[in-house]
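Asks: Predicted model follows, preceded by the sequence.
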Amino acid sequence: MSGPFRRSLRIHATMLRDALRPGQPMAPLHLRRAAMLAAGLPPYLTVQACHWLGFGLDAACFRDAHKESLQAPLFVLGIPRSGTTFVHRLLAEDRDRFTTMSTWQAILAPSISERLLWQGLGRVDRVAGAPMRRLRDALTRWLAGDFDAIHEVGLDDAEEDYLALLPFAACFIMAIAFPDTLALWRLTALDREADATERDTLMQAYRKVLQKHCYASGGHRRLLSKNAAFASWAGALADAFPDARFIICLREPASALASQISAIEPGRRLFAVDPERKHLGARFAERFAGQYRHLEAQLQRHSDRMVAVDQTDLRAAPGQTLRRALESIGVDTGEALAAAFDRADDVASRGQSSRHVHDVTEADRPDPALLREMQACYERMRAQAARPATAPFSARKVS
C-alpha cells in the first residue's frame, strides 16, 4: 500500500501545517485551539502509527487477505442525516448473511493484527469479570455526550467503515477538526475535485480495509457497508465494485442540511472552529448540492443496481420500503431480514420512531437558489424511489 501510505503522510503533513499556520479563516490559532491541538494530536498520531504497524504485520502474517473477493457487496450511501444509520443497522440484524464493521473495529482495529490483539484482550477481560468493558462503555457514553442523541454511539454497534480510513487521512470527519485543509473537503466531492490518481488510490485503500475485515470475520458472508460521507463516491464505488448493489437514502434538503449543521455543532465547539459562523454552513450547503447532483446521475446510470429510498417512507413503513428496495436490485430478503422488517413496521405503525427538530442560525442558512436546485434534484430522485405498498403515515412531515 505504498500509494495510500505516501498520500497519508502528505495529507497529515498538510493538516499539521494548516493547523499551525496563523490567520486561517475557519480555524484561527488562538489559545483554546492551540491547547486542543497540543492535547489531541500526540495520541491521534500515535494511534495512526499503530494502525500502520498493524498493516505491516498483516502483510507479513496474513498474505491471503488480499485474495478476499468481496463478492456483490451491499453499500448503503446517501445524503448525510437521511436515515443511512437506521437502514444499515436494520440490515445488519441478519448476521448470518451480512458482515459489517462495528465502531471499535473501524476505529481501533482496521488491521487484522489489531483485531486479534483486541479480541484476545477481551477474552482475558471477560474471565476477570469484564471490568475493562464496563469502563470502556462508561467512557464511550461520556465522550459521546450530546452527540448520542443525534447519532447513537456504541462501540459494538454497526458503524460507518470510513472510520477505518483514518490512518489513510481519508476520513471526512477530520475536516471538522482541520477545516482549512482542502484535501479533506475533496473527500465530499470525489467526483468533481479528485483526479483519477487520487480516486484510484482511495479505492485501493478502501478495498484493502474491506478485505481485511472480511478475512478477519471469516470471509463467508456478504459485506454490508454504510457511509453517508460517501455520497460523492457512488460512481467510483460502482466502477471499483462492478457487482455491488447500492441503497441510496434521500431526505428533503432543507431538513437534511439543518440536521447536518446541528450534528457538527459539538465538534465545532470542541475543536474551536468557525467561531464567527461564516464558513461551515455555506461549505456544507455547497457540498450537499454537489452530492444531490452526483447521486441523481449515478441512479440513472446504474438503475439496475442502485435504488433510492426516502426518509419519509422509512419513517412510515421501513420494512415494506426496504423489501421493495432490495427486490428492485436483486437482493433476497431472507427469513431473518423479513422478521426484522416486520418488527420495524410494527414500531413505525405505533408511532415509536424518534424524531429531532433542528434549527440553524441565519449565518448557516443556505443560499435560496442553491436550496431550490437541491430540492428539484431531490424531487426527481424521490419520484423514482422504492415505495412501501401502503404508507399510512407517508404524509407526515419530516424535519
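Replies: Noted; the coordinates are in hand.

Asks: Mind pulling the model confidence for the closest residue in space to Gln375 that isn't next to it in sequence?
Replies: Of all residues not flanking Gln375 in the chain, Pro253 sits nearest, at 5.5 Å (C-beta to C-beta, 6 or more residues apart in numbering). Quick note: C-beta positions are derived from backbone N, CA and C, even for glycine. Among the per-residue scores, Pro253 holds a pLDDT of 96.

Asks: quick one: Pro253 and Leu371 touch, right?
Replies: Yes - using C-beta atoms under 8 Å, Pro253 is in contact with Leu371, at 6.1 Å.

Asks: so where do the helices sit in the stretch 101-250 of the chain?
Replies: Taking DSSP state H, counting those that start in this stretch to define them, one finds helices in the stretch 101-250 of the chain at 103-108, 112-127, 131-144, 174-177, 182-185, 190-193, 196-216, 234-240.

Asks: out of those helices, nearest to Leu224?
Replies: For the helices of the stretch 101-250 of the chain, the distance to Leu224 is smallest for helix 196-216, at 10.6 Å, taking C-beta to C-beta.

Asks: what residues does the closest one touch?
Replies: By C-beta atoms under 8 Å, 6 or more residues apart in numbering, the residues outside helix 196-216 that reach it are 1, 3-4, 7, 58, 62, 64-68, 70, 73, 99, 101, 105, 110-112, 115-116, 161, 164-165, 168, 170, 186, 190, 194, 221, 223, 225, 236-237, 240.

Asks: Can you tell me how far the closest residue to Asp64 other than its chain neighbours is from Ile248?
Replies: Nearest residue to Asp64, sequence neighbours excluded (C-beta to C-beta, 6+ apart): Tyr215, at 7.2 Å. Distance of Tyr215 to Ile248, given as C-beta to C-beta, to the nearest Å: 28 Å.

Asks: between the two, who's got more neighbours?
Replies: Ile248 (27 against 18; other C-beta atoms under 10 Å).

Asks: ok, the nearest residue to that one once chain neighbours are set aside - contacts?
Replies: Excluding its sequence neighbours, the residue lying closest to Ile248 (C-beta to C-beta, 6+ apart) is Ala308, at 4.6 Å. Counting by C-beta under 8 Å, 6+ apart, Ala308 makes contact with Ile247, Ile248, Cys249, Leu250, Leu295, Leu299, Met381, Arg382, Gln384, Ala385, Ala386.

Asks: roughly how far is the helix or strand hosting Ala308 from the heart of the chain?
Replies: Taking DSSP states H and E as the definition, Ala308 sits inside strand 306-310. Here strand 306-310 is found 17 Å from its chain centre; the criterion is C-alpha atoms, centre = their mean, to the nearest Å.

Asks: Run me through the strand neighbours of that strand, direction for each.
Replies: strand 245-250 (parallel) (DSSP bridges).

Asks: Which helix or strand lies directly C-terminal to the partner strand?
Replies: helix 253-270.

Asks: and the angle from that next one to strand 245-250?
Replies: If you take axes from the mean of the first three to the mean of the last three C-alpha atoms, to 10 degrees, helix 253-270 sits at 90 degrees to strand 245-250.

Asks: Please identify the buried residues of the helix or strand just after helix 253-270?
Replies: The first helix or strand that comes after helix 253-270 along the chain, using DSSP H and E, is helix 280-301. Within helix 280-301, the residues scored as buried using 16 or more other C-beta atoms under 10 Å are 280-282, 284-296, 298-299.

Asks: Check stretch 84-100 too.
Replies: Neighbour count says stretch 84-100 has 84-92, 94, 97-100 buried, by 16+ other C-beta under 10 Å.

Asks: what does stretch 162-182 give?
Replies: Quick answer for stretch 162-182 (16+ other C-beta under 10 Å): 162-181.
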